[in-house]
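>>> quick one: sequence plus predicted model below, questions after.
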Amino acid sequence: MWCTTSCTGGTARATPSASAIVTAVFRELDLPAPIDDDVSIVYVVEFDDEPLSVDDQVAVIQELADEYDLRFVDEIEAVAGIAEDGSYTPPLDGPLVAIGQLNDDRDVVVVRAEVMSSTADADAWQISLRGTDDVRVVAIEETEPELLVAPAIP
């Protein structure tokens, strides 16, 4: 759930805004750099029961507009194909980024992010962030992709 406050033992504490978290995550990902002053198309799908609000999506898009043409999609199937083995294939015109559910049960916010591009298999990271106005990454750990890998068709 994307939220701005959370309670720990009855004490409220501030957590970063959803748009600040997603913006910080994008700055950590290995995404294509703009070519000839053209921004790169990047598709974004969220795997969360309560995805970003439209206002937060717009805030992320505006914050990263000089680097990426972000396109939020409701369903992964809207932009990814399905291979014969049942796995997803990336869009032809840009990478697909999956943002997992936000875990803000601690002082550090943890979110999973995966990237699938046309040149490589999916890569995944668990990213820990801290801060309220100025969100910074405090740890990043590479992990196995799960969100962008569809189960094989029997």
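Okay, I see it.

>>> just give me the longest strand of this protein.
strand 120-130 (DSSP state E).

>>> CA atoms of the helix or strand that that strand is followed by as PDB?
Next along the chain after strand 120-130, taking DSSP states H and E as the criterion, comes strand 136-143. C-alpha atoms of strand 136-143 as PDB (Å, rounded to 0.1, in the frame of the first residue of the first chain):
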ATOM      1  CA  ARG A 136      17.600   8.200  -0.700                       C
ATOM      2  CA  VAL A 137      18.500   4.600  -1.400                       C
ATOM      3  CA  VAL A 138      20.200   3.000   1.600                       C
ATOM      4  CA  ALA A 139      20.600  -0.500   0.200                       C
ATOM      5  CA  ILE A 140      20.100  -2.300  -3.100                       C
ATOM      6  CA  GLU A 141      20.300  -6.100  -3.500                       C
ATOM      7  CA  GLU A 142      20.000  -8.000  -6.700                       C
ATOM      8  CA  THR A 143      17.600 -10.800  -6.600                       C
END
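
>>> look up the closest residue to Asp121, ignoring the ones flanking it.
Using CB to CB, 6 or more residues apart in numbering and skipping residues adjacent in sequence, the residue nearest Asp121 is Pro145, 7.4 Å away. The C-beta positions use only the backbone N, C-alpha and C, and glycine is treated the same way.

>>> any idea how far Asp66 is from that neighbour?
Separation of Pro145 from Asp66 (CB to CB, to the nearest Å): 28 Å.

>>> okay, these two: which has more neighbours?
Ranked by neighbour count (other CB atoms under 10 Å), Pro145 and Asp66 place Pro145 first, with 17 against 9.

>>> mind checking the SS state of the more buried one?
With DSSP: H, G, I helix; E, B strand; the rest coil as the basis, Pro145 sits in coil.

>>> quickly find the element holding Val25.
Secondary structure assignment for Val25, by DSSP H and E: helix 18-28.

>>> so what does that helix touch, helix or strand wise?
Judged by 3 or more CB pairs under 8 Å, 6 or more residues apart in numbering; DSSP states H and E, helix 18-28 is in contact with helix 54-63, strand 96-99, strand 109-117, strand 120-130, strand 136-143.

>>> from the ones you listed, which stretch is densest packed?
For the helices and strands packed on helix 18-28, average neighbour numbers computed from mean count of other CB atoms under 10 Å are highest in strand 96-99, which has a mean of 25.

>>> show residues contacting it.
For strand 96-99, the surrounding residues in contact (CB atoms under 8 Å, 6 or more residues apart in numbering) are 22, 25-26, 29, 31, 42-48, 76, 79-80, 88, 90, 111-117, 147-148.
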